[in-house]
Structure formats: structure tokens, C-alpha cells
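Trainee: got a predicted structure plus its sequence, pasted below:
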Amino acid sequence: MIANLGYGALVITLLVCLFGTGAAIYGEVKKQPRWVDSARNAMLLTFPLLTVASIAIITLLVTNAFEVDYVQSVTSRSMPTYLRVTALWGGQPGSLVFWSWLMALFASAATLRDWRRDREFLPWVVVVSLVTLAFFLVLIIGFENPFVRYWATPSGSVVTAMFQPNGTTLYTPFDGRGLNPLLRHPGMIIHPPMLYLGFVSLVIPFAFGIAALITGRTDDRWIRLTRRWTLWAWLFLSLGLILGGRWAYDVLGWGGYWGWDPVEVAALLPWLTATPFLHSAMIQEKRNMFKHWNMLLIILTYVLMIMGTFLTRSGVLSSVHAFAQSAIGPIFFAYIVLTLIVSLALLSWRWDGLKSEGTLTSWLSREALFLINNVLFIAILIVCLWGLFYPILTEALGVVGQWFPTLAHIFTGQKATVGPIFYERATGPLWAALLLLMGVAPLSAWRASTARTLGKAIWLPTAVSLVGIAAVLVLSDVRGLTALLALWLCMFVTAVTLFDFYRSAVARSRAHGTNFLVSLWQLAGRNRRRYGGYVIHLGVVLMAVGIIGIEIFQTETQASLKLGETLSLGRYSIRYDSLAEFDTDDNRNVARAVVTVFKDGEQLGELYPRRDFFYESGQPMTIPGVRSSVEDDFYVLLVNWQPISTQTATFKIYLNPLVNWLWFGAAIFILGTFVAAWPEREPAPVRESRRAAAAEAIA
Amino acid sequence: MNKFMVGGLLILAAVVYLIASSTVAGAQYFFTINELVERGDEAVGTPARVTGAVIGDTIQYDADSLTLTFDVAHMPADEELLNDEGGLALALHQAVSDPSRTRMTVVYVGPRPDLLQDEAQAIVTGQLGADGIFYADELLLKCPTRYEEAAPEQTGN
């Protein structure tokens, strides 16, 4: 009953999407606003309809409706209610419905805005949103239906179908298989929704971009309208990526946070185009330049977003993330190609209308530095795409290696893949260059900067950061060019950013006679995007410090210990005290070790690394014992033990210096994005027209 | 405009260089056990990723030195070939029970993974030594039976 209701809601939503698309186009072409209004109402109707479908799935999940295939595969009787609710995104069919529901929510919110000044965009924004939604609904209804049930045939076999096949009876298994235990972690409960929120909110700026191309209103209006959408999308996307890293650090037990796994790379791709888009959109607003480029970036972002959803969810790339596998690959691929063709055709059609009004004059001008920032992000994107598709390329293009012997090591014709070493080596210098630009760009001026003016602004932060690096050399045993260079970059950017805050606040406090702190507050309030951006930069620097710490200075060791024996790593050591094995109420077998941690011989406390074994899924999960401080994380894993007697146990320990700066920096980063994205009142049209009238009067 | 062209070309060259050199440094080649053994001396020392079926009787673990040793039997790497053999579970079973299949010994230092058992699929990354033993830096295991339960238990309704 509930399953039929949910399925019906999905089918009706698809019909509403198709109707809305048709009505919007018809109304626009025939100049009949009634039809466009009807399309807008269709858009608004999708949200309640998909809410019904989502609630239907959640109801089935929490009521143990194991006759439904999806419920059977992601829940079990022993799971608590909150995990059953979040199982909505625990598998492919449910997560696609959840994705569509968020998409409908965002598109409806965009549709509810005041359209009086931008009436011509409305039908096309509705069309792009509804077509995207319809595509996902076709996938759900045709291939990944969450409401499919089990039916027992007279011959005793069990089939899955949406509706009762002839001569069968409904079949209800006693229990479900349960959510993958690796996914039962707070980080993993919020990580997918954040990523999806980021993905779906990127549809809105794309929809406005396409609307601008179709209507020919190719000034910066579409960018101004979607600025905040893009920032929120970017915030969710960043948050999703960070939470995923935190989950890996806490759960996967390899002492890392990012493994350059294909699926991680796929989720990073849209971020790599959204970030330069945020930057170069500012250039279009200030200087009317880079218009083609911005259009291209938002098109790429949309396509990469669809590709990210596809790669993470299709099982094309095998990795720890391929929890959900299915055969929807070709359809995703077709949709991506079609989107690219249509968008690029529109872009070339409007090419002349998007000519830049300004020109680049100096390498040191702010717009040129922003351009380099864009190029570097795109370079990282190319590295990532190359890494993702290398297995396919090298096998298919082996002939290139035969023609050009110098390329024989790259195009081998042999099936191959590239590991984390490739990504680290190829993107490392590019990230470092971006960090340097983050320091230099805020000091440069629009249009033209000379080496002289730039040098004047730069010498003090440079000197301060060099003193900082000298202090590192004297006070710590950090050596090695890479580490020192990377740390210097971090100090340099911090110095530049803080100086800029300081200088502007002092200037303001002089001009207005206010207190320094008050001026600082007002300053940030008056130009939120700029100062929010600087706060984000500071967050990035702190994250970079954490990454340098764990990537360059991580140390590890492992050993089997008898009771009472100790194992040392750096200034730390652990003593194996005891181990207990027991069963829990929720169907786990837990092996929990007690180790005492010492630092410089001084006792710090106990840690409890453990291994949970989930009976339902037959899967183990290693939970580290971690001692965190500003300086480092001491990370202990229980990897093996002697059953029953528990006389010996094997531990692996990691020392991750500075890693907490990564999480702390992430918090600053998110705070900065809030500052930049917080809604401001849009300047009223009256005032703008008055200003225009004044400008005309002057002219 | 010229100075921007030169700058752009320099950046492009740097990126191409980074990608090419990092590819050579970070590439891992997929081999089946047959392919690796056929290559013989040529394959010694090449970074490789090999898939094989674990033979349960050969698993030895020395907890003091954390050294894990086991044999793997050749199995097809291709998805289609696997399907010809009736899916992963059956292909693994055949590989283990067929004594004529090429076998290779794998040595791995580290904790013993829980999933290491007879007829598991091992994906090992490392290199072949001159002694014909494969020294793995990384060991991934898949047990098909765990994820593909054919039909759930009947409750009677």
C-alpha cells in the first residue's frame, strides 16, 4: 500500500516535470504568460510530491517492511530508528530519491523568488531544473526503483517486481541485511546529504547561465542573481568533502583522511570548477571580462556534478565507496554527452554577445592573478581527470606508445592504474602555487599593478614570514626543502591576510574615530564577500598546515605485544594492559584493548582501540583509540590478538603531527563562507534606476 | 598579448611535464598471474597489481614478525570472462579447486586481514621478486558470498 503510494508519487512527479518543461517552452515561444505560470506551479508541485515519496520510503524503513527489496538490503531489526531514517541514503535507489527531493526543494526555493526584474529567465530556469529532475526520476522509476517488492512463485523461487506477477504471493523475509556497518558513523550520516546539497544547489547557477544564453541577456545579471546560490553550494560541497575525510580518519583505520580513491576524486571534480568560478565571477562583475570563461566553468561544473553522482553511484570505479552498484552507467553517459552538446552549442551561438569589455594589461594586475588562479584549478582538474581515466586511456591508446617511443611508459597498452603517488606528485606543486597566489593576489590592484607597488605592499609580510621560518629552523628539527617551503607559504599568506585586516581596520578607525575592534567588525560587515573570503583563506592555510603535518611528518610503527610490554614511537609509548571480548545487544562482537599512553615517560591516560565485528553483515570495523592535541594525534589501532588467553595483541600506531589544524582550519573555512554567503538586501530597483538617471543627467 | 601567450605556454608545459612524470612514477600495472609468470624476469621489480584466488590451506601467519604468506591461483581479470565462469563466487571456487592453474606465493607484512580465507579474491599491489615470490605492499580482499545472498530466509506469510 505505502509502496504503491510512493511509486505513484514518483510517476506523477515525472509527468509533472514533463508537463512543466513543455508548458514553459510553449508559453515562452507563444508569448503566453499563463503557460509559464503553469510551468512554475508544476515546479512548485514537485516538492510536495517527492516529499510524499520520501516519507513513504522512510515509513517502510522504520516499520520493518522487509518485503520491500530496498528495506531488506539496508536495514535490519537490530538497527536504531535514527539509522533506519538515514538509511534513506544508505543505498542507491533511496539516495537517488533523496537527491531528487533536495533538488525539488532548491529549485522550488529559486522559483519562489521575486521574478519581476528577471521575468525572461523564469521559463528557462524552470526548464533546466525540471529536465534535470526528470532525468533522475527516469533513472529511479526505470532502473533503481526503491519500492520493488519480493514475490514468491508457486515453484518456490523468489522474484522481485513492483507489481504482483500472476500466481505469486507477497514474500516477507524475517530480517534485513542491515546498513553497512562502515556507514554507521555520524560523519557518514551527514556526509552524503551535504555532498548532495552541494550538488543540487549547483544546478541553480547553471540553470541561470543557460537562461542567460538562451535569452541573450548575457550581462552579469545571471552571475549576480546566483552569487549566493553558488556560495551556498560551494559551502555544502566543501563541508561534504571535509566530513568524508573526517569519517575516513575515524573509521577506515588507515591513519589517513584522503586516499585519492577514484570516488573521492570524482566528488572533488565539481569543487575544482566551482572554486575558480567563484573567483572569476568577481572579475566579470568588476571588469566585464572572462564572460566566455565563466559560462564554460558553470557548464563544466554541472556536467562534473552529474558525473560525480554517476561515478560514485554506478560502480564503474571499484573502490571502498562502491557500495552501490548498478547498470545505469550508459544512461548517465548519454545524458552527460547530451548536456555538453546542447550547452556548448548555446555558448557558441552567443559567443559574440559575450565579448570581454576589458583587456589584460599586466601580469601583476589582480585580474591576471585571478586568471592564473583559474588556470591552476583547471590544471588540477586535468590531473584528476587524467588519473581517473588513465586505466581506460593507457589500455586503449597503447598504439600511441608504439608510435612514439618516448611515450611508451605512459601509453603502455597494458591495463594500469595510477595510485596516490601520482596525484600527490602532480598536484602538490599546483596546490603550492595556489597558496602563493592566495598571498599575492589580495595585495595587487585592479587593471594594473607594477612590481614596485606590489613590492611595497609585500615586503613586510614577507619579512615577518621569513622570521617565522627562521624560528621554525631554530626551535624544531623540521628540515627538508619541501616542508620548509610549504610552511613558509602558509606563514606568508597568514601574514598578508592579517596585515590587510589590520591596515583596513586602522584606516577605518582613523576616518570614523571608532575603536579598532569596532572598525574591524564594521569593515567585515560592509564588505562581507571580501572579508569572508579572507577568513576562508585563513582557514585554507590552517588546513594546509594540518595536511603538511600528516603528509610529510606522519610516522608509524607496529608490533605484537605481550601483556605489560611497551611499544614506542617518537616521544610516545603505549603499554598493553588488557583486552576483553564481548557481545553487545545490537549484534556486535567487540574486542576492546586497554593501553596506557606515555609521553616522555610520563603517564597520560588510557586509550581503548577496538574491533567491532558485525554478525549480520559478517564485517569487521576497526575503531582507533586517539589522543588528540594541538600538536599531534596519537592514533592506536588494534589489528590482531590471541583469542581467549589475550596474552598478546598486535597494535599499529601512527603519530600524525598537526593534523588537528586540518579540522580546526575547516571550521574557520566554513565560518568564512557563512560570512560571505549571508543574505544581504538586494539593492532596490528604484534606487538603481535613480542612479542610472543621475548618471544619464551627468552624461 | 604576447607575454600572456608565453606565460600560458609555460604553465601548459609545466602541467604536461607534471602529469607525464607523475604517471610514470605512480603507475601500477594490472596483471593476471599467468601474464606475470609468462613475463618472467622482465616483470621482476615492476609495480604491479595482481588478482588471484586465495588457497586456504597455504595461509601462514607469523604473529611475531607480522609476516603473512599465502598462495593465490590464477583467475581471469575480465568481467566478461568471470561471467562465463558463472560469477565471481564460482570463478574463485574453480580457480582454487583446479590444480592445473598457475599459482604464486604472496608475502605481506602487516596485520592479518579478517577477510583472508579460502576462496577469497585477493588484490595485491607490490612487485615480483627475483625468487618468484610476490612481495605485496597492499592487500585487498573480496568475499563474494557475503554480499550476494541469493534469497533471504523464508518466514512464511
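Mentor: Now that the structure is in, tell me what you want to look at.

Trainee: next up, phi/psi of residue 125, please.
Mentor: All of this refers to chain A. Summarising the backbone geometry of A:Val125 under the convention degrees, to the nearest 10, its torsions are phi -60, psi -40.

Trainee: correction: the question concerned chain B.
Mentor: Taking degrees, to the nearest 10 as the convention, B:Thr125 sits at phi -120, psi 130.

Trainee: spell out the secondary structure type for the residue nearest to it when sequence neighbours are not counted.
Mentor: If you skip the residues right next to it in sequence, B:Thr125 has B:Glu138 as its closest partner in space, 4.1 Å away by C-beta to C-beta, 6 or more residues apart in numbering or on different chains. From N, CA and C alone the C-beta is placed, and that goes for glycine too. In three-state terms, and counting by DSSP: H, G, I helix; E, B strand; the rest coil, B:Glu138 is strand.

Trainee: just the closest residue of the stretch 251-400 of chain A to chain B, please.
Mentor: Closest to chain B within the stretch 251-400 of chain A is A:Ala379: 4.5 Å, counting by C-beta to the nearest C-beta.

Trainee: thought that residue was touching B:Val15?
Mentor: Yes. Using C-beta atoms under 8 Å, A:Ala379 is in contact with B:Val15, at 4.5 Å.

Trainee: so if I had to pick from the two, which one is more boxed in?
Mentor: A:Ala379 (24 against 21; other C-beta atoms under 10 Å in any protein chain shown).

Trainee: other SSEs contacting the lengthiest helix in chain B?
Mentor: Determined from DSSP state H, the single longest helix within chain B is helix B:2-26. Using 3 or more C-beta pairs under 8 Å, 6 or more residues apart in numbering or on different chains; DSSP states H and E, the elements in contact with helix B:2-26 are helix A:366-396, strand A:416-418, helix A:420-440.

Trainee: contacts for whichever helix or strand comes after the last one, please.
Mentor: To tie it back to what came earlier, the one meant is helix A:420-440. Following helix A:420-440 in sequence order, the next helix or strand is helix A:451-475 (DSSP states H and E). Residues lying outside helix A:451-475 but in contact with it, judged by C-beta atoms under 8 Å, 6 or more residues apart in numbering or on different chains, are A:364, A:439-440, A:443-445, A:478, A:484, A:487-488, A:491-492, A:494-496, A:499.

Trainee: mind doing that once more with 7 Å?
Mentor: For helix A:451-475, the external contacting residues (C-beta atoms under 7 Å, 6 or more residues apart in numbering or on different chains) are A:364, A:443-445, A:478, A:484, A:487-488, A:491-492, A:495-496, A:499.

Trainee: helix A:420-440 and that one, what's the angle between them?
Mentor: In terms of direction (axes from the mean of the first three to the mean of the last three C-alpha atoms, to 10 degrees), helix A:451-475 departs from helix A:420-440 by 120 degrees.

Trainee: buried sites along helix A:451-475?
Mentor: By neighbour count, and taking 16 or more other C-beta atoms under 10 Å in any protein chain shown as the criterion, the buried residues in helix A:451-475 are A:Leu454, A:Ala457, A:Ile458, A:Pro461, A:Thr462, A:Val464, A:Ser465, A:Gly468, A:Ile469, A:Val472.

Trainee: can you give me the strands in the stretch 51-200 of chain A?
Mentor: Along the stretch 51-200 of chain A, the segments classed as strands by DSSP state E, counting those that start in this stretch run A:149-152, A:158-161, A:169-170.

Trainee: export those strands as JSON lines, with columns for mean pLDDT and distance to chain B.
Mentor: Conversion of the strands of the stretch 51-200 of chain A to JSON lines gives the following (pLDDT from 0 to 100; distance: least, C-beta to the nearest C-beta, whole Å):
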{"stretch": "strand A:149-152", "mean pLDDT": "90", "distance to chain B": "8"}
{"stretch": "strand A:158-161", "mean pLDDT": "86", "distance to chain B": "5"}
{"stretch": "strand A:169-170", "mean pLDDT": "87", "distance to chain B": "7"}
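
Trainee: please identify the most buried of the ones you listed.
Mentor: Each of the strands of the stretch 51-200 of chain A was assessed for mean neighbour count using mean count of other C-beta atoms under 10 Å in any protein chain shown. The highest is strand A:149-152, with a mean of 21.

Trainee: returning to what we had before: would you mind finding the most buried of the helices and strands packed on helix B:2-26?
Mentor: The highest average neighbour count among the helices and strands packed on helix B:2-26, using mean count of other C-beta under 10 Å, belongs to strand A:416-418 at a mean of 22.

Trainee: any weak-confidence spans in the chain?
Mentor: Because you didn't say which chain, this covers chain A. By pLDDT under 70, the low-scoring segments of chain A are A:253-255, A:312-328, A:412-413, A:449, A:617-618, A:680-699.

Trainee: oops, I was thinking of chain B
Mentor: The low-confidence ranges in chain B, as defined by pLDDT under 70, are B:1, B:77-87, B:114, B:143-157.

Trainee: ok, now how distant is the spatially most central residue of it from chain A?
Mentor: Centroid-nearest residue in chain B: B:Ile123, 2.6 Å away (criterion: C-alpha atoms, centre = their mean). Summarising the geometry, the distance separating B:Ile123 from chain A, computed by C-beta to the nearest C-beta, to the nearest Å, is 9 Å.

Trainee: doesn't that residue lie inside a helix?
Mentor: No. Inclusion of B:Ile123 in a helix is not indicated when three-state DSSP is applied; the result is strand.

Trainee: state the distance from it to A:Ser73.
Mentor: 25 Å (C-beta to C-beta, to the nearest Å).

Trainee: repeat that for A:Asn180.
Mentor: With distances taken as C-beta to C-beta, A:Asn180 is found 10 Å from A:Ser73.

Trainee: comparing these two, which residue is more hemmed in?
Mentor: Remark: of A:Asn180 and A:Ser73, A:Ser73 carries more neighbours, 23 against 19, as counted by other C-beta under 10 Å.

Trainee: surely that one touches A:Gly91?
Mentor: Yes. Taking contacts as C-beta atoms under 7 Å, A:Ser73 lies within contact range of A:Gly91: 6.0 Å.

Trainee: what's across from the residue nearest to the centre of chain B in the sheet?
Mentor: With DSSP bridges applied, the residues forming beta bridges to B:Ile123 are B:Thr51, B:Leu140.

Trainee: that one reaches B:Leu140, doesn't it?
Mentor: Yes. Using C-beta under 7 Å, B:Ile123 is in contact with B:Leu140, at 4.2 Å.

Trainee: quick check: neighbours shared by these two?
Mentor: Taking C-beta under 7 Å, 6+ apart as the contact criterion, B:Ile123 and B:Leu140 have no common neighbours.

Trainee: who in chain A is up against chain B?
Mentor: Residues of chain A found near chain B, taking C-beta under 7 Å from any C-beta of the partner chain as the criterion, are A:72, A:158, A:170-174, A:177, A:360, A:363, A:375, A:379, A:382-383, A:386, A:390, A:409-410, A:414-419, A:421-422, A:425-426, A:429, A:558, A:560, A:618, A:620, A:639-640, A:648, A:650, A:652.
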